[in-house]
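how would this look folded up:
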Amino acid sequence: MAKTAKKAAASARSKATRKAARPVGRPAYRKHAAFGGRMVMIGFGSIGQGVLPLILRHIDMKPSQITVVAAEDRGGAPELARFGVAFVRKRLTPDNLRQVLDKRIGKGDLVVNLSVEVASMALVELCQEKGALYIDTCIEPWPGGYSDPSLPVSHRSNYALREHMLALRDKFKGGTTAVIAHGANPGLVSHFTKQALMNIARDTGHATARPTTRQGWAELARDLGVKVIHVAERDTQVSRKPKEIGEFVNTWSIDGFVAEGGQPSEMGWGTHEKALPRDGARHDFGCGAAIYLNRPGLHTRVRTWTPKEGPFHGFIITHNESISMADYFTVRNGRRVAYRPTVNYAYHPCDQAIMSMHEIMGKNLVQQKRQRLMVDEIESGIDELGVLLMGHKKGAYWYGSQLSIEEARKLAPYNNATSLQVCAPVLSGIVWALENPQAGLVEADEIDFERNLEICLPYLGPVVGRYSDWTPLDGRGELFPEDLDNEDPWQFRNFRVA
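Okay, here's the model as predicted:
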């Protein structure tokens, strides 16, 4: 007993010594990976500023290994200096991209692309040639790629950008890892979807081991009866400062939001759908997993549901995950598509962004001259971001993050709830790339969902799963006549807001 007591006392003293040696107020964060190369971060807006502290917390590396390249610092240059990170103020263009980056990246280095209007394909090609790792949060074109009137609508779509990017797989087969489109969505929501499928399988008595192949995941979604997947998001963060006329206010990248909102509305197109929308069209190239509408996402709304908000109208803003997830969960019998879910983003931004959208839509998508990104001024609210899987035995199931502004501020500096939901999967994607450096070009759907969720979950607030008997037919057709399909509630025509 005496020896046991002495060992316990010695252990207690050792723990106390370690605790005392740690600076007050600075918790010990888990290091997920070590990195000895150079990191170049392109762009330093809300996500760049929010993810930098997470990188330094969780990756064993020095600030001096990092260089930020951006056209403007967005007020972050003093913080970069405080961290000891180099800053290069330079707008990357097709003419100077290689000149600026040539000596800054090489074999074993890493490019973190968080920019707008810097072509992702050009960066991936350079990284593949140099043997450098790469990650981005969406597939970006050079300026004008979203809005070139000389291009047909189909070629101004995310579908087209994705097809062009995936074509690089053959050119750089077996190359270094490039994680394509890995933020909150696209990115995190693909991992949410796999976890949601496992939860539904458990709760409906569909005994199954975790699939290990793309075919296995697609067959699980089919066997569960999933017809529709919404990335259903409701942002309720608010500020006392009202939106002014001629000002766009948002909780994340305004340039990025306006650019993608002006693209054609897009969605993965399911095999259960009976007819194309009146303004819908198919692409005449590529995988065929998606369709587009001849109207921008800022003009297109659908009915959706989240646990805290309940039913609401969301905008079908085009996103890579709407296409990649529909493609990933496709079951084929030979060349024939036997099963595919309909997949789309259904987004209700914060209320001040809604007013900003109404203003920009009334001016034919001409953007306001002034922008205001809400971070420190936010007083309350959450970003409820998850996936809503519908059509299975239990009706509808939402799984995702309900992160509040209060908790986001406790978890990480320079973030609001929306940005932190992006920064966490950027971090997890970087860690996964470091752990799997020779995976070639990969999308979120193709990488380890459990490893990514393990890294992300501490930064997502409450992550919950909720079943609902909600359908898009609820409360409709009683007061006014509507063109509804009452036999199958999960038809797109029932979701769409006229």
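
tell me which stretches of the stretch 1-150 of the chain form helices.
2-21, 46-58, 77-83, 97-101, 120-130 (DSSP state H, counting those that start in this stretch).

the helix or strand where residue 407 lies: what's the following helix or strand?
Following DSSP states H and E, one finds residue 407 within helix 405-411. Scanning forward in sequence from helix 405-411 by DSSP H and E, the next helix or strand is helix 417-435.

pLDDT of that following helix, averaged?
Mean per-residue pLDDT for helix 417-435: 98.

that one: which residues count as buried?
Neighbour counts over helix 417-435 (16 or more other CB atoms under 10 Å) mark 417-434 as buried. C-betas here are computed from N, CA, C, even on glycine.

convert that helix to CSV, retaining C-alpha atoms only.
C-alpha atoms of helix 417-435 as CSV (Å, rounded to 0.1, in the frame of the first residue of the first chain):
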residue,chain,number,x,y,z
ALA,A,417,-19.9,29.9,-36.7
THR,A,418,-20.0,29.7,-40.5
SER,A,419,-16.2,30.1,-41.1
LEU,A,420,-15.3,27.6,-38.4
GLN,A,421,-17.4,24.9,-40.1
VAL,A,422,-15.2,25.5,-43.2
CYS,A,423,-11.9,25.8,-41.4
ALA,A,424,-12.2,22.5,-39.5
PRO,A,425,-12.5,20.4,-42.7
VAL,A,426,-9.7,22.4,-44.3
LEU,A,427,-7.5,21.4,-41.4
SER,A,428,-8.7,17.7,-41.6
GLY,A,429,-8.1,17.7,-45.4
ILE,A,430,-4.6,18.9,-44.9
VAL,A,431,-3.9,16.3,-42.3
TRP,A,432,-5.3,13.6,-44.5
ALA,A,433,-3.1,14.7,-47.4
LEU,A,434,0.0,14.6,-45.2
GLU,A,435,-0.9,11.1,-44.1
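
can you give the contact residues for the following helix or strand past that helix?
Using DSSP H and E, the helix or strand that directly follows helix 417-435 along the chain is strand 441-443. By CB atoms under 8 Å, 6 or more residues apart in numbering, the surrounding residues in contact with strand 441-443 are 124, 165-166, 168-169, 172, 175, 177-182, 186, 190, 320, 324, 328.

which of the helices of the stretch 1-150 of the chain has the lowest mean pLDDT?
Taking the mean pLDDT of those, helix 2-21 comes last: a mean of 38.

in contact with the residue nearest to residue 458 when sequence neighbours are not counted, which residues?
Distances taken as CB to CB, 6 or more residues apart in numbering place residue 411 nearest to residue 458, at 7.5 Å, with adjacent residues excluded. Residues in contact with residue 411 (CB under 8 Å, 6+ apart) are 420, 458, 459, 461.

just the ones of the residues you listed in helices?
Counting by DSSP state H, the contacts of residue 411 place residue 420 in helices.

dump the residue contacts of residue 275.
residue 493.

so where's this protein uncertain?
1-27, 74-76 (pLDDT under 70).

spell out which residues make up each domain of it.
As recorded under automatic domain parsing, the domains making up the chain are 33-180, 188-417+451-495.

turn the ones you listed into a markdown table, including distance to residue 444.
A markdown table is the format used below for the domains of the chain (distance: least, CB to CB, whole Å):
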| stretch | distance to residue 444 |
| --- | --- |
| domain 33-180 | 8 |
| domain 188-417+451-495 | 4 |
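
so which bits of stretch 204-216 are buried?
Neighbour-count burial for stretch 204-216 flags 206, 211 (criterion: 16+ other CB under 10 Å).

what's in contact with it?
198, 200-201, 217, 219-220, 223-224, 328, 331, 392-394, 445-446.

pull the CA atoms of that stretch into CSV?
Extracted C-alpha coordinates of stretch 204-216, given in CSV (Å, rounded to 0.1, in the frame of the first residue of the first chain):
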residue,chain,number,x,y,z
THR,A,204,-33.8,0.6,-39.5
GLY,A,205,-32.4,-2.8,-38.7
HIS,A,206,-30.4,-2.9,-42.0
ALA,A,207,-27.4,-4.8,-40.6
THR,A,208,-24.3,-3.9,-42.6
ALA,A,209,-20.6,-3.5,-42.2
ARG,A,210,-19.1,-0.1,-43.1
PRO,A,211,-18.7,-0.1,-46.9
THR,A,212,-15.1,0.1,-48.1
THR,A,213,-15.7,0.8,-51.7
ARG,A,214,-17.6,3.4,-53.8
GLN,A,215,-19.9,0.7,-55.1
GLY,A,216,-20.6,-0.5,-51.6
